[in-house]
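Engineer: Dropping the sequence and predicted coords here.
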Amino acid sequence: MGFYSETILPKLCDLAMRNKDLVPYRKRVIGAAEGRVVEIGVGSGRNLPFYRSPVKQVLALEPAPNLIAMARRAQHPNMPVDFITGSAEAIPLDNHSVDTVVTTWTLCSIPQAATALAEMRRVLRPGGRLLFAEHGLAPDKNVRRWQDWLTPAWSRISGGCHLNRPIQLMIEDAGFRVDRVETGYMPGPKPMTYMYEGSASPG
Ligand SMILES: C[S@@+](CC[C@H](N)C(=O)[O-])C[C@H]1O[C@@H](n2cnc3c(N)ncnc32)[C@H](O)[C@@H]1O
(Lines give C-alpha, C1' and ligand atoms only; values in the text may rest on other atoms or scores of the structure.)
Protein backbone atom coordinates (compact mmCIF):
# COMPACT_ATOMS: atom_id res chain seq x y z
CA MET A 1 0.00 0.00 0.00
CA GLY A 2 1.29 3.42 -0.91
CA PHE A 3 1.21 6.70 1.00
CA TYR A 4 -1.95 7.81 -0.86
CA SER A 5 -4.02 4.72 -0.04
CA GLU A 6 -2.61 4.22 3.44
CA THR A 7 -2.60 7.80 4.73
CA ILE A 8 -4.43 10.22 2.43
CA LEU A 9 -7.43 8.02 1.50
CA PRO A 10 -8.52 7.26 5.08
CA LYS A 11 -8.50 11.01 5.81
CA LEU A 12 -10.51 11.74 2.65
CA CYS A 13 -12.94 8.96 3.53
CA ASP A 14 -13.42 10.40 7.01
CA LEU A 15 -13.91 13.91 5.61
CA ALA A 16 -16.49 12.75 3.06
CA MET A 17 -18.32 10.66 5.66
CA ARG A 18 -18.67 13.70 7.99
CA ASN A 19 -21.18 15.19 5.54
CA LYS A 20 -24.18 16.28 7.66
CA ASP A 21 -26.61 15.15 4.95
CA LEU A 22 -25.67 11.55 5.77
CA VAL A 23 -26.76 11.82 9.40
CA PRO A 24 -30.53 11.22 8.88
CA TYR A 25 -29.67 8.03 6.95
CA ARG A 26 -27.33 6.91 9.72
CA LYS A 27 -29.95 7.56 12.40
CA ARG A 28 -32.65 5.58 10.55
CA VAL A 29 -30.42 2.65 9.61
CA ILE A 30 -28.67 2.27 12.95
CA GLY A 31 -31.95 2.93 14.80
CA ALA A 32 -33.38 -0.23 13.20
CA ALA A 33 -30.48 -2.47 14.29
CA GLU A 34 -30.83 -4.99 17.09
CA GLY A 35 -28.99 -7.70 18.98
CA ARG A 36 -25.52 -8.71 17.81
CA VAL A 37 -24.58 -6.49 14.88
CA VAL A 38 -21.78 -6.71 12.36
CA GLU A 39 -21.06 -3.43 10.59
CA ILE A 40 -19.31 -3.95 7.26
CA GLY A 41 -16.62 -1.38 6.48
CA VAL A 42 -17.04 0.69 9.63
CA GLY A 43 -14.63 3.30 8.24
CA SER A 44 -13.86 6.08 10.72
CA GLY A 45 -16.80 5.00 12.88
CA ARG A 46 -19.38 7.64 11.91
CA ASN A 47 -22.28 5.25 12.70
CA LEU A 48 -20.99 4.21 16.12
CA PRO A 49 -22.53 7.09 18.15
CA PHE A 50 -26.01 6.07 16.97
CA TYR A 51 -26.10 2.50 18.33
CA ARG A 52 -28.53 2.02 21.22
CA SER A 53 -30.41 -0.82 22.92
CA PRO A 54 -31.80 -3.24 21.62
CA VAL A 55 -28.31 -3.52 20.09
CA LYS A 56 -26.19 -5.61 22.46
CA GLN A 57 -22.84 -5.72 20.68
CA VAL A 58 -21.27 -4.21 17.57
CA LEU A 59 -18.64 -6.09 15.59
CA ALA A 60 -16.94 -3.42 13.51
CA LEU A 61 -15.29 -4.97 10.44
CA GLU A 62 -12.83 -2.85 8.45
CA PRO A 63 -9.83 -3.72 6.26
CA ALA A 64 -7.99 -0.38 6.60
CA PRO A 65 -5.93 -0.14 9.83
CA ASN A 66 -5.85 3.68 9.74
CA LEU A 67 -9.64 3.82 9.58
CA ILE A 68 -9.90 1.36 12.47
CA ALA A 69 -7.60 3.67 14.45
CA MET A 70 -9.98 6.59 13.76
CA ALA A 71 -13.06 4.49 14.55
CA ARG A 72 -11.57 3.53 17.92
CA ARG A 73 -11.72 7.23 18.83
CA ALA A 74 -15.42 7.55 17.88
CA GLN A 75 -17.96 7.93 20.69
CA HIS A 76 -20.11 4.92 21.51
CA PRO A 77 -21.39 5.41 25.05
CA ASN A 78 -22.43 2.20 26.78
CA MET A 79 -22.13 0.12 23.61
CA PRO A 80 -19.59 -2.71 23.44
CA VAL A 81 -17.75 -2.44 20.12
CA ASP A 82 -15.23 -5.03 18.96
CA PHE A 83 -13.04 -4.02 16.05
CA ILE A 84 -12.09 -6.68 13.52
CA THR A 85 -9.46 -6.07 10.87
CA GLY A 86 -10.77 -7.94 7.86
CA SER A 87 -12.63 -7.90 4.58
CA ALA A 88 -16.28 -8.42 3.80
CA GLU A 89 -15.35 -11.09 1.24
CA ALA A 90 -14.28 -13.37 4.12
CA ILE A 91 -16.15 -12.32 7.27
CA PRO A 92 -14.40 -14.03 10.20
CA LEU A 93 -17.66 -15.00 11.95
CA ASP A 94 -19.65 -18.22 12.27
CA ASN A 95 -22.69 -19.05 10.14
CA HIS A 96 -25.97 -17.52 11.42
CA SER A 97 -24.16 -15.79 14.30
CA VAL A 98 -25.47 -12.21 14.02
CA ASP A 99 -28.91 -10.60 14.23
CA THR A 100 -28.17 -7.59 12.02
CA VAL A 101 -25.73 -6.73 9.25
CA VAL A 102 -25.22 -3.00 8.61
CA THR A 103 -23.68 -1.56 5.48
CA THR A 104 -23.57 2.19 4.76
CA TRP A 105 -21.70 3.70 1.77
CA THR A 106 -19.59 0.55 1.56
CA LEU A 107 -21.00 -1.77 -1.14
CA CYS A 108 -19.75 0.73 -3.73
CA SER A 109 -16.12 0.04 -2.89
CA ILE A 110 -15.93 -3.65 -1.93
CA PRO A 111 -13.94 -5.28 -4.76
CA GLN A 112 -15.90 -8.58 -4.81
CA ALA A 113 -19.30 -7.26 -3.77
CA ALA A 114 -21.21 -10.43 -4.72
CA THR A 115 -18.91 -12.57 -2.53
CA ALA A 116 -19.28 -10.03 0.28
CA LEU A 117 -23.09 -10.14 0.09
CA ALA A 118 -23.00 -13.95 0.16
CA GLU A 119 -20.88 -13.69 3.30
CA MET A 120 -23.34 -11.24 4.89
CA ARG A 121 -26.15 -13.72 4.19
CA ARG A 122 -24.08 -16.58 5.64
CA VAL A 123 -23.46 -14.83 8.97
CA LEU A 124 -27.05 -13.61 9.43
CA ARG A 125 -29.35 -15.78 11.51
CA PRO A 126 -32.69 -16.80 9.96
CA GLY A 127 -35.05 -13.89 10.66
CA GLY A 128 -32.12 -11.46 10.93
CA ARG A 129 -31.87 -8.37 8.75
CA LEU A 130 -29.46 -6.64 6.43
CA LEU A 131 -29.82 -2.85 6.87
CA PHE A 132 -28.35 -0.69 4.15
CA ALA A 133 -27.88 2.89 2.98
CA GLU A 134 -25.83 2.87 -0.21
CA HIS A 135 -25.34 5.09 -3.23
CA GLY A 136 -25.51 3.49 -6.65
CA LEU A 137 -26.95 3.28 -10.13
CA ALA A 138 -29.46 6.05 -10.87
CA PRO A 139 -32.67 5.47 -12.86
CA ASP A 140 -32.10 8.45 -15.20
CA LYS A 141 -30.40 7.68 -18.50
CA ASN A 142 -28.23 10.80 -18.61
CA VAL A 143 -27.10 10.37 -14.98
CA ARG A 144 -26.24 6.72 -15.66
CA ARG A 145 -24.16 7.79 -18.63
CA TRP A 146 -22.15 10.07 -16.33
CA GLN A 147 -21.88 7.31 -13.72
CA ASP A 148 -20.48 4.85 -16.27
CA TRP A 149 -18.12 7.46 -17.71
CA LEU A 150 -16.80 8.72 -14.37
CA THR A 151 -16.44 5.38 -12.55
CA PRO A 152 -13.04 4.21 -13.92
CA ALA A 153 -11.22 7.44 -12.95
CA TRP A 154 -13.31 8.03 -9.83
CA SER A 155 -12.61 4.52 -8.62
CA ARG A 156 -8.85 5.06 -8.88
CA ILE A 157 -8.82 8.20 -6.73
CA SER A 158 -11.53 7.18 -4.26
CA GLY A 159 -10.31 3.80 -3.03
CA GLY A 160 -12.35 1.67 -5.44
CA CYS A 161 -15.73 3.42 -5.24
CA HIS A 162 -18.09 2.54 -8.13
CA LEU A 163 -20.82 5.07 -8.91
CA ASN A 164 -22.88 2.68 -11.03
CA ARG A 165 -23.58 -0.41 -8.94
CA PRO A 166 -27.24 -1.60 -9.03
CA ILE A 167 -27.51 -1.96 -5.26
CA GLN A 168 -31.00 -3.49 -4.96
CA LEU A 169 -30.35 -5.97 -7.75
CA MET A 170 -27.03 -7.00 -6.18
CA ILE A 171 -28.70 -7.61 -2.82
CA GLU A 172 -31.45 -9.68 -4.47
CA ASP A 173 -28.95 -11.60 -6.61
CA ALA A 174 -27.22 -12.67 -3.40
CA GLY A 175 -30.45 -14.40 -2.33
CA PHE A 176 -31.83 -11.74 0.01
CA ARG A 177 -35.47 -10.72 -0.02
CA VAL A 178 -35.67 -6.92 -0.02
CA ASP A 179 -38.41 -6.04 2.48
CA ARG A 180 -38.16 -2.26 2.15
CA VAL A 181 -36.23 0.07 -0.10
CA GLU A 182 -36.42 3.82 -0.53
CA THR A 183 -34.57 5.49 -3.33
CA GLY A 184 -33.81 9.04 -4.37
CA TYR A 185 -31.15 11.68 -4.77
CA MET A 186 -29.43 13.27 -1.80
CA PRO A 187 -28.17 16.85 -2.11
CA GLY A 188 -25.00 16.92 -4.23
CA PRO A 189 -23.83 15.91 -7.72
CA LYS A 190 -26.35 13.42 -9.15
CA PRO A 191 -23.85 10.72 -10.25
CA MET A 192 -22.63 10.41 -6.63
CA THR A 193 -25.87 10.78 -4.69
CA TYR A 194 -28.56 8.34 -5.83
CA MET A 195 -29.39 6.48 -2.62
CA TYR A 196 -30.84 3.06 -1.81
CA GLU A 197 -31.95 2.75 1.82
CA GLY A 198 -33.76 -0.22 3.27
CA SER A 199 -33.74 -3.66 4.78
CA ALA A 200 -33.52 -7.22 3.49
CA SER A 201 -33.95 -10.70 4.94
CA PRO A 202 -31.68 -13.68 4.28
CA GLY A 203 -34.71 -15.56 2.86
C1 LIG B 1 -16.96 5.50 1.96
S2 LIG B 1 -16.34 4.53 3.25
C3 LIG B 1 -17.76 4.34 4.30
C4 LIG B 1 -17.41 4.10 5.74
C5 LIG B 1 -18.57 3.84 6.69
N6 LIG B 1 -19.33 2.68 6.29
C7 LIG B 1 -19.46 5.04 6.85
O8 LIG B 1 -20.67 4.94 6.60
O9 LIG B 1 -18.95 6.10 7.26
C10 LIG B 1 -16.17 2.94 2.47
C11 LIG B 1 -15.65 1.90 3.43
O12 LIG B 1 -15.64 0.62 2.80
C13 LIG B 1 -14.50 -0.06 3.27
N14 LIG B 1 -14.17 -1.22 2.42
C15 LIG B 1 -13.59 -1.22 1.22
N16 LIG B 1 -13.37 -2.49 0.81
C17 LIG B 1 -13.87 -3.30 1.78
C18 LIG B 1 -13.92 -4.70 1.95
N19 LIG B 1 -13.46 -5.54 1.04
N20 LIG B 1 -14.50 -5.18 3.08
C21 LIG B 1 -14.98 -4.34 4.01
N22 LIG B 1 -14.94 -3.01 3.91
C23 LIG B 1 -14.40 -2.48 2.81
C24 LIG B 1 -13.44 1.03 3.24
O25 LIG B 1 -12.27 0.68 3.92
C26 LIG B 1 -14.21 2.17 3.88
O27 LIG B 1 -14.17 2.12 5.26
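Structural biologist: Happy to help now that I have it. Residues are numbered from 1 along each chain as shown.
Engineer: and the gap between the closest residue to the ligand within the chain and Trp105?
Structural biologist: Closest residue of the chain to the ligand, Cβ to the nearest ligand atom: Gly43 (2.5 Å). Every C-beta, even on glycine, is put in place using the N, C-alpha and C of the backbone. Distance, Gly43 to Trp105, using Cβ to Cβ, to the nearest Å: 8 Å.
Engineer: Need the residues touching each of the two.
Structural biologist: By Cβ atoms under 8 Å, 6 or more residues apart in numbering, Gly43 and Trp105 have these common neighbours: Met17.
Engineer: Whichever strand in the chain runs longest: which residues count as buried?
Structural biologist: Longest strand of the chain, by residue count under DSSP state E: strand 124-135. For strand 124-135, the neighbour count (16 or more other Cβ atoms under 10 Å) marks Leu124, Gly128, Arg129, Leu130, Leu131, Phe132, Ala133, Glu134, His135 as buried.
Engineer: Around the ligand, pick out the residues from the chain.
Structural biologist: Residues of the chain lying close to the ligand by Cβ under 6 Å from any ligand atom are 13, 17, 40-43, 46-47, 61-64, 67, 87-89, 104-106, 109-111.
Engineer: Go ahead and build a ChimeraX selection from the buried members of the residues you listed.
Structural biologist: Those of these that count as buried under 16+ other Cβ under 10 Å are selected in ChimeraX with:
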select :13,17,40,41,42,43,46,47,61,62,64,67,87,88,89,104,105,106,109,110
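Engineer: Out of the residues of the chain next to the ligand, which sit inside helices?
Structural biologist: Cys13, Met17, Leu67 (DSSP state H).
Engineer: can I get the residues you listed in CSV with pLDDT and distance to Thr115?
Structural biologist: Listed next are those as CSV, based on pLDDT from 0 to 100; distance: Cβ to Cβ, whole Å:
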residue, pLDDT, distance to Thr115
Cys13, 92, 22
Met17, 96, 24
Leu67, 95, 21
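Engineer: so Thr103 touches Gly136, yeah?
Structural biologist: No - with contact defined as Cβ atoms under 8 Å, Thr103 and Gly136 do not form a contacting pair (11.8 Å).
Engineer: Neighbour count for those two, which is higher?
Structural biologist: Using other Cβ atoms under 10 Å as the criterion, Thr103 and Gly136 rank with Thr103 on top: 25 against 20.
Engineer: Name the nearest residue to that one, sequence neighbours excluded.
Structural biologist: Ile40 (4.5 Å; Cβ to Cβ, 6 or more residues apart in numbering).
Engineer: Right, I'll call it a day here.
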